[in-house]
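Colleague: From the sequence below, what's the structure:
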Amino acid sequence: MLDTLIRGGNIVDGTGAPRFKADLAIDDGRVVDVGSLEGAEASKTLDATGMIVSPGFIDIHSHSDFTLLVDPRAQSSIAQGATTEVIGNCGHGCAPLTKPKSFVGNIYGYSDAIEMDWRTTEGYLERMGAARPAVNVAALVPNGNLRLAVMPRTEAPATPDEIAQMGHLLEEGLEAGAFGYSTGLESPDERASTEEETAELCRIVARRGALYATHTRNKETLAVEAVEEGIRVAHAAGVQLQVSHIIPRKGGPPDALERAIDAVDRAAARSLDVTFDQHTRLHGITPISAALPAWAFEGGADSLAARLREPVFRSEMKLRESLFSSFALGGWDRVYLYQSKGNPDLVGKSFEELAPSGGDAYDALFDILLEECEEPHASLAVCHSYEEDQLRYTFRHPLCMVGSDATALGTDGPLAGDVFLGAFTWAGWFFRRLVRETGDLTIEEAVAKLAAAPADRLGIADRGRIARGSCADVVVFDAAGFAERGTLESPNRLATGVAHVVVNGVVSMEDGALTSDRGGHVLRRG
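Modeller: Okay, here's the model as predicted:
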């Protein structure tokens, strides 16, 4: 008697090979047979007639580090067939920690609902495992956390002693099972990271055969040069390179995307092990607190408020390079307040519209922060940064994978009021637009980008493919109906077209309805 039998589907095994009709047998968390299984019996039988049966999708670029602790059901992910998420991206994450409150600004989705009682990557992964997430979790060690843990101020390059301390923490994280190391060189805590500093840490990663993922230093005027920096670091360290969300933002040269991808192609031709990823939305998203350096939040709410009331401080911050100075290159009319607990009536308006009389867009941003000093990292802004033809061009490239660049969320429960663009839509949009409507990719090619390619990048041999002996991470979906329902104005709507999702043999979605069963594992490299 098998645990689960999936009958009558068209198997797309994740490798890009042509689909074939077969049944799928699952037992003890593994795929045990693929073929014509008419005589087989199982405790549960799932009907896949006329549908695609593929490996569960692997989100190569997720920010669910904290939200999976708050609500481990990962509804937004499961409903799109995602069964594994790679967290710790862009230098942001939950470990290592020293004084937890100092790290809040570096954690997407933070809330005080969960006590951060761990300090090491090992402790964090144990805490994640105890939460029993619905999806598998693979972690990277985030550079922002390393700098915050070691440096009294992150606005300067690290000293040799500080680099050595960061290297020790990185070693601990990799020993605990992290799949690599990430940087977010546009973030306030990482802008001062030098190329030499990053290369030294990447040498540790290379010795472990792990992955270096980088949100590059500049995403518009010097976007190509920033990708080239990542390539130089990878060459110097001998490390595998993953360029995160490679498309440059508006404000740079019109051919920046083509030149950035050409730089990757030339590096690959010189035998560098390099790939890249991209999210599927047209907007960048960040906390509005990213307009300020980390030291501005020292001393708590009262100290921050005092600084924001000071005209000299505001003048200095307006001249400072940040994600918002980058966003502004494309025009403040493209930058919108997206989430604000203290100013919900302003949500949806551009910072050009919000600029006060006698002030500018920065004053609007600082005024919002002033009203929200108790939770300065909670409010989000979005910037219309990309165009669909750029996404299509990028996704067609053979070295490109697909990521959400979002946090796993739910339509109810503790995260019902939270939003993050892409959370409910990334895989559904990708399949609807790139496969069904434009024909840019075949079903087999799309599934390979969502499954085998990221599994191979992580070095996970038993996921990302359907084969005898592989882990039973499986999604059954209607190729004609799989699509996103979320929009910019109403983002938290579950995708449609996914019938069944199995994670390590546990059925987390059945007949289009989420179940209460969670089968995710914390994956550890090696």
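Colleague: Okay, domains of this protein per the record?
Modeller: 2-55+470-481+496-514, 57-282+386-450, 286-384 (automatic domain parsing).
Colleague: is it true that Val12 touches Val53?
Modeller: Yes: if you go by C-beta atoms under 8 Å, Val12 and Val53 touch, sitting 7.0 Å apart. Quick note: C-beta positions are derived from backbone N, CA and C, even for glycine.
Colleague: Need the residues touching each of these two.
Modeller: Shared contacts of Val12 and Val53, defined by C-beta atoms under 8 Å, 6 or more residues apart in numbering, comprise Ile466.
Colleague: Can you tell me the element the spatially most central residue of the chain falls in?
Modeller: Central residue of the chain (C-alpha atoms, centre = their mean): Ser62, 2.1 Å from the mean position. Per DSSP states H and E, Ser62 falls between elements, in no helix or strand.
Colleague: which residue packs closest to it, ignoring adjacent ones?
Modeller: Once flanking residues are discounted, Ser62 sits nearest to Glu85: 3.9 Å by C-beta to C-beta, 6 or more residues apart in numbering.
Colleague: which residues in the stretch 401-526 of the chain form strands?
Modeller: Along the stretch 401-526 of the chain, the segments classed as strands by DSSP state E, counting those that start in this stretch run 474-477, 498-503, 506-510, 513-514.
Colleague: With respect to Asn343, which of these lies nearest?
Modeller: Closest of these to Asn343 is strand 513-514, at 32.8 Å (criterion: C-beta to C-beta).
Colleague: in its sheet, what does that closest one sit against?
Modeller: According to DSSP bridges, strand 513-514 forms sheet pairs with strand 506-510 (antiparallel).
Colleague: mind listing the helices for the stretch 401-526 of the chain?
Modeller: Assigned helices in the stretch 401-526 of the chain, in chain order: 426-429, 443-450, 452-458 (criterion: DSSP state H, counting those that start in this stretch).
Colleague: Could you dump the ones you listed into CSV and include distance to Ala199, mean neighbour count and mean pLDDT?
Modeller: As requested, the helices of the stretch 401-526 of the chain are arranged in CSV below (distance: least, C-beta to C-beta, whole Å; neighbours: other C-beta atoms under 10 Å; pLDDT from 0 to 100):
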stretch, distance to Ala199, mean neighbour count, mean pLDDT
helix 426-429, 31, 27, 98
helix 443-450, 29, 24, 98
helix 452-458, 21, 23, 98
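Colleague: Which one, of these, ends up nearest to Gly238?
Modeller: Gly238 lies closest to helix 452-458 among the helices of the stretch 401-526 of the chain, at 16.8 Å (C-beta to C-beta).
Colleague: Against which helices or strands is the closest one packed?
Modeller: If you count contacts as 3 or more C-beta pairs under 8 Å, 6 or more residues apart in numbering; DSSP states H and E, helix 452-458 packs onto strand 57-59, strand 82-87, strand 400-402.
Colleague: Nearest to Leu146 among those would be which one?
Modeller: strand 82-87 (15.6 Å).
Colleague: Counting neighbours, which bits of the next helix or strand after that closest one end up buried?
Modeller: In the C-terminal direction, the helix or strand that comes right after strand 82-87 (DSSP H and E) is helix 121-130. Residues of helix 121-130 classed as buried: Thr121, Glu122, Gly123, Tyr124, Leu125, Arg127, Met128 (neighbour count, 16 or more other C-beta atoms under 10 Å).
Colleague: Which one of those is nearest to Gly252?
Modeller: Among those, Thr121 lies closest to Gly252 (C-beta to C-beta), at 35.2 Å.
Colleague: how about that closest one, what does it touch?
Modeller: Applying C-beta under 8 Å, 6+ apart to Thr121 gives the contacts Ala95, Pro96, Ala139, Val141, Glu172, Gly173, Ala176, Gly177, Ala178.
Colleague: and which of those residues is nearest to Pro72?
Modeller: Proximity of the contacts of Thr121 to Pro72 (C-beta to C-beta) peaks at Ala139, which lies at 15.0 Å.
Colleague: Ala178 is in contact with Leu211, correct?
Modeller: No: the criterion here is C-beta under 8 Å, and Leu211 misses it with Ala178 at 9.5 Å.
Colleague: shared neighbours of those two, anything?
Modeller: With C-beta under 8 Å, 6+ apart as the test, Leu211 and Ala178 both reach Leu140.
Colleague: So if I had to pick from the two, which one is more boxed in?
Modeller: Ala178 (30 against 25; other C-beta atoms under 10 Å).
Colleague: for this protein, what are the low-confidence residue spans?
Modeller: Within the chain, no stretch has pLDDT under 70.
Colleague: For it, give the strand that spans the most residues.
Modeller: Ordering each strand of the chain by length in residues (DSSP state E) puts strand 2-11 first.
Colleague: Report all helices and strands that it contacts.
Modeller: Judged by 3+ C-beta pairs under 8 Å, 6+ apart, strand 2-11 is in contact with strand 20-27, strand 42-47, strand 52-55, strand 474-477, strand 498-503.
Colleague: Run a quick neighbour tally on the nearest residue to Arg119 once chain neighbours are set aside.
Modeller: Using C-beta to C-beta, 6+ apart and skipping residues adjacent in sequence, the residue nearest Arg119 is Leu97, 5.2 Å away. Residues lying near Leu97 (other C-beta under 10 Å) number 23.
Colleague: Quick check: Leu97 touching Leu146?
Modeller: No: counting by C-beta under 8 Å, Leu97 sits too far from Leu146 to count as a contact (10.9 Å).
Colleague: Tell me which of the domains of the chain sits most buried.
Modeller: Most buried of the domains of the chain, by mean neighbour count (mean count of other C-beta atoms under 10 Å): domain 57-282+386-450, with a mean of 22.
Colleague: Can you pull the phi/psi pair for Val382?
Modeller: phi -120, psi 150 (degrees, to the nearest 10).
Colleague: before we move on, back to that, and the gap between the residue nearest to Arg119 and Leu148?
Modeller: According to C-beta to C-beta, to the nearest Å, Leu97 and Leu148 sit 8 Å apart.
Colleague: same deal with Ile78?
Modeller: Separation of Ile78 from Leu148 (C-beta to C-beta): 32 Å.
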